[in-house]
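Engineer: sequence first, predicted coordinates after that:
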Number of protein chains: 2
Amino acid sequence: MQELLSQITIKVNEDLFIKNPDSSKLGRRIISNSIELIEEIGFEAFNFKKLGKRIGSPECTIYRYFENKQKVLLYLTSWYWSWLEYKMVFATANISDSHLKLSKAIEVLTETVEQDLSFSHINEFLLNRIVISESVKSFFTREVDSDNEAGVFKVYKRIVQRVSDMILTINKDFEYPHMLVSIVIEGSHQQRHFADHLPALTDIIEGKGGISDFFNRMVFKTIDVS
Amino acid sequence: MQELLSQITIKVNEDLFIKNPDSSKLGRRIISNSIELIEEIGFEAFNFKKLGKRIGSPECTIYRYFENKQKVLLYLTSWYWSWLEYKMVFATANISDSHLKLSKAIEVLTETVEQDLSFSHINEFLLNRIVISESVKSFFTREVDSDNEAGVFKVYKRIVQRVSDMILTINKDFEYPHMLVSIVIEGSHQQRHFADHLPALTDIIEGKGGISDFFNRMVFKTIDVS
DNA sequence: CTTTATTGATAGTAATACTATTATTTTTGT
DNA sequence: ACAAAAATAATAGTATTACTATCAATAAAG
């Protein structure tokens, strides 16, 4: 997979940047350092001044790439979902058994991510951690409707649709496939966050498995396959 | 219930305020206007200057009640969870059938809220909307650990524990009760938000029912009761 | 090797989040 | 009813944040 992916560039919605960060060395430095910095200090404390200091450029230079820090987060999460869609499609391709296929998809969506060296300037391991603890902020804002209209959530929605279709293949009468899938995706993030910070709200232990198993069970039971 | 509740004051964790807003007319005005203002303009745009203007007091006066706007949000959500715990305990009291009891609890947790006149200065309908669209921000912050240590999430955790116990009464071997309950609570909020803003991620239609039914089904199927 | 695009240096503005000081009003105890 | 104490208002001020403008320096492209 590594060789294959190294030939591929992930294209992110053009509304999210002013100048494509993938088009220059500085742009890629902005991305890789954003990931590290957000992961270190959290999105609230993250700003272009600190990022500029880290990469040795004034903040106005970063403003030539991104309108504001919210767009950076949207860029990162959009990139992540495109990357994960690719992984999911790859992992489920040519599986004829529909149960196994769905199970594999759920695993990709709920497991944590290891470092992937295909995209040198993006640390997928850290990006996964950012998505877990910060991405929810990108759709609980007042801009959600305009962002959505601009197509920012297109890939995310496509992932949900893909897995929904797998569910409908197994049970064509199930009425809530999108709901179930978005609960799996967001729920798995939330449970990992809880495991780290509010263990009373979960039953999984940090570092140990269990998340994928749980969601697999939940999905198959709920769509009623005996 | 109205008469009973009117005798009761909901006590909120003392770490959340400097001066108890429930102890003065101005304090109660701060609370009721915070609810209205946050619901109107969103938590991001909400600040003490705007709130002060609205209630005709300078911002420094509000700072004598609350350290910052995050504490106001935590105060409101804490209040909400205490209120909802009360409603839930009341709605499930004296039900001996454990299935019915759990079902009733899920309904209280996932249904939207009507205006309740028991607490004159708090608009529970608006507060429920705030909890749906803003409360997630209170545990996805860098302060989550210290807030948790201060006991801010105590009532929320107790609700999860109560419903977990109901689940264990039905199936004592179920391994993930807390996880399932927190997914139900947060999931129902998220799905309502999606219905409003990202309908492709859900199957429910705004205003129509379905949420409670879905989560009821999901829970009973997942804990494996035939 | 000159034109054009990109980046850096410097500076500045408006808004936000919060604090300090003192005057005024309200509440409380007697 | 009145003095003492507490709460609130008025005013002002600081540090940080988010963002913009201008122009010089550097790098890239034709």
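Structural biologist: Arrived safely, thanks for sending.

Engineer: contacts, neighbours, all on C-alpha from now
Structural biologist: Fine.

Engineer: ok, longest helix in chain A?
Structural biologist: Counting by DSSP state H, the longest helix found in chain A is helix A:69-92.

Engineer: which outside residues touch it?
Structural biologist: With C-alpha atoms under 8 Å, 6 or more residues apart in numbering or on different chains as the contact definition, helix A:69-92 has outside contacts at A:10-13, A:16-17, A:31, A:34-35, A:46-48, A:66, A:101-102, A:104-105, A:108-109, A:124, A:127-128, A:131, A:135, A:138, A:152-153, A:155-156, A:159.

Engineer: next one: it to chain centre, how far?
Structural biologist: Distance of helix A:69-92 from the chain centroid (C-alpha atoms, centre = their mean, to the nearest Å) equals 5 Å.

Engineer: the helix or strand that it is followed by near chain B anywhere?
Structural biologist: As assigned by DSSP states H and E, the chain's next helix or strand after helix A:69-92 is helix A:98-110. No - counting by C-alpha under 8 Å from any C-alpha of the partner chain, chain B is not contacted by helix A:98-110; separation bottoms out at 14.0 Å.

Engineer: can you list the buried residues in helix A:98-110?
Structural biologist: Residues of helix A:98-110 classed as buried: A:99, A:101-110 (neighbour count, 16 or more other C-alpha atoms under 10 Å in any protein chain shown).

Engineer: cool, stretch A:63-71 as well?
Structural biologist: Judged by neighbour count using 16+ other C-alpha under 10 Å, the buried positions of stretch A:63-71 are A:65-66, A:69-71.

Engineer: need those residues in TSV with pLDDT and distance to A:E40, can you?
Structural biologist: Output for those, formatted as TSV (pLDDT from 0 to 100; distance: C-alpha to C-alpha, whole Å):
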residue	pLDDT	distance to A:E40
A:Y65	98	22
A:F66	98	20
A:K69	97	15
A:Q70	97	17
A:K71	97	19
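
Engineer: so which of these comes closest to DNA strand D?
Structural biologist: Checking these against DNA strand D with C-alpha to the nearest atom of the strand, the nearest one is A:K69 at 5.9 Å.

Engineer: and the contacts of the strand or helix carrying A:M218?
Structural biologist: Take DSSP H and E as the rule and A:M218 turns out to sit in helix A:211-222. With contacts defined as C-alpha under 8 Å, 6+ apart, helix A:211-222 is touched by A:103, A:106-107, A:110-111, A:180, A:184, A:188, A:191, A:204, B:176, B:217-218, B:221-222, B:224.

Engineer: who in chain A is up against chain B?
Structural biologist: Residues of chain A found near chain B (C-alpha under 8 Å from any C-alpha) are A:42, A:44, A:133-134, A:137, A:140-142, A:144-145, A:148, A:157, A:160, A:175-180, A:182-183, A:187, A:191, A:197-198, A:200-204, A:214, A:217-218, A:221-222, A:224.

Engineer: could you flag which of those residues are buried?
Structural biologist: A:42, A:133-134, A:137, A:140-141, A:144, A:157, A:160, A:176-180, A:182-183, A:187, A:191, A:197-198, A:200-204, A:214, A:217-218, A:221-222.
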